[in-house]
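[1] Have a look; sequence and predicted model below, questions after that.
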Amino acid sequence: MQLETNSSQRTLDAVITQRIIESPYRRISFAEYMDLALYHPEYGYYASSATQIGAAGDFFTSCHLSADFGELLAEQFAQMWSLLQQPNPFTLVEMGAGQGLLAIDVLTALQRHHPDCFACLEYVIIERAAALIQAQQRQLRQFIEIGVVRWCDFADAPAVTGCWFSNELIDAFPVHQVVLETGQLKEVFVSVIQENSQTQFVEVVGDLSTPKLEEYFNLIGIDLRFVPRSQRESPPYPDGYRTEVNLAALDWMSTVANHLQRGYVLTIDYGYPSDRYYHPTRSTGTLQCYFQHQHHSDPYRNVGQQDITAHVDFTALEKQGKLCGLNRVGYTKQALFLMALGLGDRLTALGQSPATDAQSIQESLRQRDSLHNLINPLGLGDFGVLIQSKGVDSTVPLIGLMGEIVNTQKKRE
Ligand SMILES: C[S@@+](CC[C@H](N)C(=O)[O-])C[C@H]1O[C@@H](n2cnc3c(N)ncnc32)[C@H](O)[C@@H]1O
């Protein structure tokens, strides 16, 4: 955990060190550390790295691969608008919009292919990183000019009829880290040692900083202190078992539910249901760091220069949503979701392209590659898609969930 040195990193190290020194017991929770490393307004990863998402950056997301992702999502939104009886305004709230790529693809597709829906559309973006808001505003100029898009703070979010949606937002929330020590649930904190003008972040283990961490496990029905009674049950959690808890996701879910009058919440992210997330064999958790397309598990390296993420516990989102009045409409995988929305037809159309010149053939191969990457079961295709609703009593299934419904029936037969 020796700290590396470059000037903005040195400054962020100093900011975090100061925060630690001023804190009771000279330590901060890992969630607070991660929050500073990612979102410190001047030196945090997202503050300084507007251009570090994408092919030339540290990681890319589905919308960097191809416009098809946003275009297919637009199909789902258009159907939601119909199922909600074509409300005007119909509000899409995108939270954590990155560089605005998904927004531009969704808006362009709705304008082109669903003009009636587009005529009712209000597109609200909630973004924490000021540098990314600027990037989004550059990207969306044409839609700002016609008054379709606006930005607002989460605290001032409107109560809407429509859909709250996000892609890879929840994995970017700061997480607490917990560890099992001789059968007790403890928390991992970040402290600092300073020697010969060198600073080093060190982890220390202590009692839980908040009872919400225990309550989280009660909510999802997982007992890390569980002792199996027979060999047929899961193995016990080993001593030293370490994992993350995304309390921010629960708060987020409650706020979103409160700000939905009628409609849907659509969440796309990588993660698992609780029983897979907190399986005894996943004994080091899911925390990952991304730096120039390399991933590793040391959050104390490249501080402020690398992304830090943790997988999403979809069961927690569902259960918290239920407590806040949201119904679970369905949970599926990105591959099935996009196929149900028409990705397969797009692949077929590309295969039947009459193009014979080298450039068109190359472009068509590139597009096929991108579409395959969106549904790759070992990559983006394995992402979870959770849809929740409030005040919607339609019996018509959502198009994007049809693949999942067929699969469930097949399993039952
Ligand atoms: C991993 S990036 C994903 C960006 C984009 N959705 C995409 O798919 O390319 C996470 C995004 O969420 C934003 N974010 C994280 N926490 C946020 C919060 N509490 N409120 C608003 N935006 C947030 C980040 O600034 C960033 O734009």
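    Noted; the coordinates are in hand.
[2] Let me know the average pLDDT across stretch 271-281.
    For stretch 271-281, mean pLDDT is 95.
[3] first to last residue in it, what's the distance?
    16 Å (C-alpha to C-alpha, to the nearest Å).
[4] How many residues are close by residue 102?
    26 (other C-beta atoms under 10 Å). The C-beta positions use only the backbone N, C-alpha and C, and glycine is treated the same way.
[5] Nearest residue to it in space, please, no chain neighbours.
    residue 63 (4.2 Å; C-beta to C-beta, 6 or more residues apart in numbering).
[6] host element of the one you found?
    Assigned by DSSP states H and E, residue 63 belongs to helix 62-65.
[7] what does that helix rub up against?
    53-55, 69-70, 98, 101-102, 105, 167, 268, 334, 370, 373-374, 380, 383 (C-beta atoms under 8 Å, 6 or more residues apart in numbering).
[8] Also within reach of the ligand: list those from the residues you listed.
    Filtering those for proximity to the ligand by C-beta under 6 Å from any ligand atom leaves 53, 98, 102, 167.
[9] In strands only, show me those residues.
    residue 167 (DSSP state E).
[10] nearest to the ligand, of the ones next to the ligand among the contacts of helix 62-65?
    residue 98 (2.8 Å; C-beta to the nearest ligand atom).
[11] Residue 52 is in contact with that closest one, correct?
    No - in this structure residue 98 lies outside contact range of residue 52 using C-beta atoms under 8 Å: 10.7 Å.
[12] could you pull out the helices for the stretch 151-300 of the chain?
    212-220, 247-258, 274-277 (DSSP state H, counting those that start in this stretch).
[13] quick one: average pLDDT of the longest one?
    Predicted confidence along helix 247-258 averages 98 (mean pLDDT).
[14] buried residues in stretch 212-224?
    Under the neighbour-count criterion of 16 or more other C-beta atoms under 10 Å, stretch 212-224 has 213, 216, 217, 219, 220, 222, 224 buried.
[15] pLDDT value on residue 408, please?
    41.
[16] Can you give me the pLDDT of residue 312?
    98.
[17] who's it bridged to?
    residue 271 (DSSP bridges).
[18] about what we covered before: will you turn the ones next to the ligand among the contacts of helix 62-65 into CSV that also has pLDDT?
    Below are those laid out as CSV (pLDDT from 0 to 100):
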residue, pLDDT
53, 78
98, 95
102, 98
167, 98
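[19] Select the longest strand from the protein.
    The chain, longest strand under DSSP E: strand 184-195.
[20] starting at the chain centroid, how far to it?
    Offset of strand 184-195 from its chain centre (C-alpha atoms, centre = their mean, to the nearest Å): 27 Å.
[21] Next, the angle helix 212-220 makes with it.
    140 degrees (axes from the mean of the first three to the mean of the last three C-alpha atoms, to 10 degrees).
[22] So which elements touch strand 184-195?
    Applying 3 or more C-beta pairs under 8 Å, 6 or more residues apart in numbering; DSSP states H and E, one finds that strand 184-195 contacts helix 7-22, strand 28-29, helix 30-39, strand 176-181, strand 198-206, helix 212-220.
[23] and those, which one is worst for confidence?
    Looking at those, the bottom one is helix 7-22 with a mean of 90.
[24] Domains in the chain, by residue range?
    The chain is divided into the following domains under automatic domain parsing: 7-55+173-315, 336-384+393-405.
[25] interface residues of the stretch 151-300 of the chain facing the ligand?
    154, 167, 168, 169, 172, 173.
[26] Only the buried members of the residues you listed: can you turn that into a ChimeraX selection?
    Of these, the buried ones go into a single ChimeraX selection, burial set by 16+ other C-beta under 10 Å:
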select :167,168,169,172,173
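[27] so how many other residues sit close to the residue nearest to residue 102?
    Neighbours of residue 63 (other C-beta under 10 Å): 26.
[28] Residue 280 now?
    14.
[29] what do you get for residue 284?
    So residue 284, with other C-beta under 10 Å, has 10 neighbours.
[30] Filter the ones next to the ligand among the contacts of helix 62-65 down to the ones in helices?
    residue 102 (DSSP state H).
[31] Would you mind giving the ones next to the ligand among the contacts of helix 62-65 as a markdown table with distance to residue 314 added?
    Below are these laid out as a markdown table (distance: C-beta to C-beta, whole Å):
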| residue | distance to residue 314 |
| --- | --- |
| 53 | 23 |
| 98 | 21 |
| 102 | 20 |
| 167 | 14 |
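[32] quick one: buried residues of stretch 9-29?
    Applying 16+ other C-beta under 10 Å to stretch 9-29 flags 9, 10, 12, 13, 15, 16, 17, 19, 20, 27, 28, 29 as buried.
[33] Sorry, wrong one. I was asking about stretch 152-164.
    Neighbour count says stretch 152-164 has 157, 160, 161, 162, 163, 164 buried, by 16+ other C-beta under 10 Å.
[34] Check the gap between residue 394 and residue 82 for me.
    Separation of residue 394 from residue 82 (C-beta to C-beta, to the nearest Å): 9 Å.
[35] Which strand residues bridge residue 288?
    residue 309.
[36] what residues are up against it?
    Residue 288 neighbours (C-beta under 8 Å, 6+ apart): 295, 296, 297, 308, 309, 310.
[37] if you set the cut-off to 7 Å instead, what comes out?
    295, 297, 309 (C-beta atoms under 7 Å, 6 or more residues apart in numbering).
[38] Need the pLDDT of it.
    With respect to pLDDT, residue 288 scores 96.
[39] for residue 413, same thing?
    37.
[40] when you give positions from now on, start the count at 21
    Let's use 21 as the start, then, which means that last one is residue 433.
[41] Please report the distance of the closest residue to residue 289 other than its chain neighbours from residue 174.
    In this structure, residue 289 finds its nearest non-sequential neighbour in residue 332, 4.4 Å apart by C-beta to C-beta, 6+ apart. For residue 332, the distance to residue 174 equals 18 Å [C-beta to C-beta].
[42] next one: residue 220
    Residue 220 is 34 Å from residue 174, by C-beta to C-beta.
[43] how about low-confidence regions in this protein?
    Low-confidence segments of the chain, defined by pLDDT under 70: 21-25, 69-71, 425-433.
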